[in-house]
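# structure of the sequence below:
(2 chains)
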Amino acid sequence: MTAAPPVDPLADALLALRLFLIAPDKLGGLCLRGGGPARDLVIERLHEQHGQLRRLPPHVDDERLLGGVDIAASLAAGSTVRQRGILEKAGGTILIAAMAERMTEALAGRLAQQLDIAETGNRFGLVLLDDGIAEDEAPPAPLLERVAFICDLTRVAALDAPMPDASAIPIDAVAPLEDDALEGLAATAAALGVGSIRPLIFAAEAARAHASLQGREQPSTADLQASARLVLAPRATQLPPLEDEETPEPDRETGSDGERDQSDPGDRPLEDVMLEAAAAAIPPDLLAQLSSGKSKRRAHGSGGGRRRKSTVRGKPLGARPGMPRGGARLALIDSLRAAVPWQPLRRREAGLSERARLILHKQDLRVRRFEERAAKVTIFCVDASGSAAAARLAEAKGAVELMLAQAYTTRSEVALVAFRGTGAELLLPPTRSLTRARRALAELPGGGGTPLAAGLQAAREVAEAVELRGRTPSLVILTDGRANIAGDGSASRSRAAEDAHAAAKAIAVRGIEALVVDISPRSTPDTARLAQAMQARFLALPLADARRLHAAVGASTQARAA
Amino acid sequence: MARFPFSAIVAQDEMKQALLVSAIDPAIGGVMVFGDRGTGKSTAARALAGLLPPISAIKDCPYGCSKDDQARYPEVCGSGPLRKRAVPFVDLPLGATEDRVLGALDLERALRSGEKAFEPGLLAKAHRGFLYIDEINLLEDHLVDLLLDVAASGENVVEREGLSVRHPARFVLIGSGNPEEGELRPQLLDRFGLSVEVRTPADVADRVEIMRRCAAQERDPQGFADEWAEEDAKILHKVARGRKKIATMKVSEAVLADCAELCIAVGADGLRGELTLMRGAKALAALNGARAVRREHVIAIAPSALRHRLRRDVLDETGSTARIERAIDELFG
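Below is the predicted model:
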């Protein structure tokens, strides 16, 4: 595409901020991805423009969020003291959620619910600060759904973008969008693979806000373009079918490219003009992923990418009597609950008046209790090279599916790394969804060299990420052990074996539980040596079918756990 | 804020049908809605609660009990006169604790007067209304188990913290979730009466219509509600008529046989499928004002009633809906 003008992400973020400030009630808020000075600048501008900001720390609890009894104050005052929650008085303010990518699903759920039910005029704005680096780190999808703008500031080069001036005319003076404009937005969204309706509604509002900024009573094509770029493009899950060398699909309008005049979009369909504006703003890495047809990850959950299921380690089981020591945390509320019914009696016993303070005894103390059922993530690392015959690949696929079919009873998750050709890739990030797994597996191609080292390294990286999230990783490596591609991608059998050995050692050093399954028809000592370097269990399964493989993996990992 | 009118929801006919059917016969056991975000799931559920006529409940009863409830649970309700109140709609947040859901010791009263009192939870609030859980697949398992148990028994029994309370909690459970983000246990799915799959409308005209209506509603909620009041009244009339009719609705032997055959043909496990299919067909017939339950009602409700009960075959990629449709074609052609 040669057409669209270059997009300055910082200027766009500031424009998004301005539009949001024009209609905070209707545009929800914005998400700023990537830390650094660019984001500080945007926040600074926000401070200048809007007096009522409030930071929302990620650890905020329900009492503070929604209000409740202030226990400390109540005890001190001897009467009930209520505290108002942050959300209760949030109307008209803007909440800034730092580290939004680490936000728990519970908090996200509360905020989303509150955004949904708050009445017009009493809504709060939400600014999500997303410090995520890895691809699958993103703020909770329900919140990304409910903010109009998603701005990526990771690629800002210079800090010299000005803040757009305030609106020329009030937004109420701007007419609602005409039908053809709405149709254009809907078609653009469809072309970009934006399924959800909310972004569409945001886009329509954003176009009006942009018109009010420009002093137009009738929203124009430029307004729609801006809105498509700011609201729809960041949520794109597919490439718009424009004429492009990298796009394999034949295009319906080939030929118009040469005679197109950039400055006069008047005679082309509105949808195309908007699409073009949006396409220019689609992040380059997304383009790369999509054109290689690999990552479908963002295709689900409306632009957010999936996050982990839960951040609680084990499920809370309430409290039990005990002293808060040895790492056990005091459950204050439960302790008070336990003490409260005894108060009249204790006061009488102690000869104190009715107004006396709370009398706590040791046996009232309760400590928190969690069920430590750390979820297990089984990471399959599958050799999809030419030497591992296609049939074995099918078996591996079958075993993964069977593991997943059980996953919802065991609450475990499955991830899949495949290596072939010159590298390895994460085909399936840890998931419990059979639907996604099936799709990833169906797309798993076979053939090419055996970059064992790259495969092991990728698997270890996934395992480390899993550990960081408090899960227990367990590697299952299916290979014939015949490494022939070295760590740097060069074809050298001896170097490849060396690199694979080193990668295996790295897994052992990290203490990651592993199982190596030799899937070659004639077992060689290579694979066994690999397992040894990895301090992994070794299993030769020359004739296993999917079910036997699954049973073996299950038995092996259970033996480990016992 | 005036709620989005039920009749103004564009497309999503299966979801609307399932919700209305469950409003006619709450005993069917709730609706599970599968689908992506931004497809109007929660809007539809909220709209339905807003559509239904107010219920008459005992004044000051924290549970919103009816006269009948009062007779059954004299210890929990007051004895005040009856008052109209809106059909409750409770939105259960993901992070809800067991205390919030079940109810717990009233800390405030306990602190103030040392009195051991029960503070009703969300289940009490949802009595005679709707309990909506967005992303139910992300909810803690033990909470889901507890909710389904209460939904099935219609009664919340609290035995904890020295409290012993029993109160009515009959509600229509509406769950929603995206199967891409985690599966639900089959035992749990089976407890839902109906399930529907929603997709975002692919038709541009539909999407434009949705944007237009949302913008209109946002601009003038009351005016928009007035505009659709007549349509809503028609639906309400159908529901009211259906509720009256369902008591006397007969199910013929032939229809019962149809239900059984269909369940066997699709391989739906358990009796619950058959029962729900029959009940759903009955409620649908009542909703449509039919004289008797006919085969067409069975066919119309079958995907909703059976979709989530099919035995999962890991190696069969055919969607549940397609399997049911195939079976219907083969059986009833």
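
# which stretches in the stretch 101-250 of chain B count as helices?
Counting by DSSP state H, counting those that start in this stretch, the stretch 101-250 of chain B forms helices over residues B:107-113, B:122-126, B:141-153, B:186-191, B:204-219, B:221-246, given from the N-terminal end onward.

# as PDB, could you dump the C-alpha coordinates of the fourth one?
Once side chains and other backbone atoms are set aside, the C-alpha atoms of helix B:186-191 remain, and they are given as PDB (Å, rounded to 0.1, in the frame of the first residue of the first chain):
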ATOM      1  CA  PRO B 186     -20.400 -31.000  31.000                       C
ATOM      2  CA  GLN B 187     -22.200 -31.700  34.300                       C
ATOM      3  CA  LEU B 188     -22.600 -28.000  34.600                       C
ATOM      4  CA  LEU B 189     -23.800 -27.400  31.100                       C
ATOM      5  CA  ASP B 190     -26.400 -30.100  31.500                       C
ATOM      6  CA  ARG B 191     -28.000 -28.200  34.400                       C
END
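
# phi, psi of A:Arg420?
With angles defined as degrees, to the nearest 10, A:Arg420 shows backbone torsions of phi -170, psi 170.

# find the centremost residue of chain A, please.
The residue at the geometric middle of chain A, judged as the C-alpha nearest the mean C-alpha position with CA atoms, centre = their mean, is A:Ala138 (3.5 Å).

# ok, now how distant is that residue from chain B?
Here the distance between A:Ala138 and chain B works out to 13 Å (CB to the nearest CB, to the nearest Å). C-betas here are computed from N, CA, C, even on glycine.

# you'd agree that residue is in a strand?
No: under DSSP: H, G, I helix; E, B strand; the rest coil, A:Ala138 sits outside any strand and is assigned coil.

# A:Met103 is in contact with that one, correct?
No: A:Ala138 lies out of contact with A:Met103 (CB atoms under 8 Å); the separation is 10.2 Å.

# what secondary structure does A:Ile169 sit in?
At A:Ile169 the chain is in coil, as set by three-state DSSP.

# is it true that it touches A:Ser212?
Yes: judged on CB under 8 Å, A:Ile169 makes contact with A:Ser212 at a distance of 5.5 Å.

# between those two, which one's more packed in?
Set side by side, A:Ile169 and A:Ser212 give different neighbour counts by other CB atoms under 10 Å in any protein chain shown, the larger being at A:Ser212 (23 against 14).

# and the residue lying closest to B:Val33 once chain neighbours are set aside, how far from chain A?
By the measure of CB to CB, 6 or more residues apart in numbering or on different chains, the closest residue to B:Val33 outside its immediate chain neighbours is B:Ser176, 4.3 Å from it. For B:Ser176, the distance to chain A (CB to the nearest CB) stands at 11 Å.

# cool, B:Ala281 as well?
From B:Ala281 across to chain A, the span is 29 Å (CB to the nearest CB).

# quick one: contacts for that residue?
Contacts of B:Ala281 were listed using CB atoms under 8 Å, 6 or more residues apart in numbering or on different chains, and they are B:Val251, B:Val255, B:Cys259, B:Val293, B:His297, B:Val298, B:Ala300, B:Ile301.

# likewise for A:Leu224?
Applying CB under 8 Å, 6+ apart, one finds that A:Leu224 lies in contact with A:Ala181, A:Gly184, A:Leu185, A:Ala207, A:Leu270, A:Val273, A:Met274.
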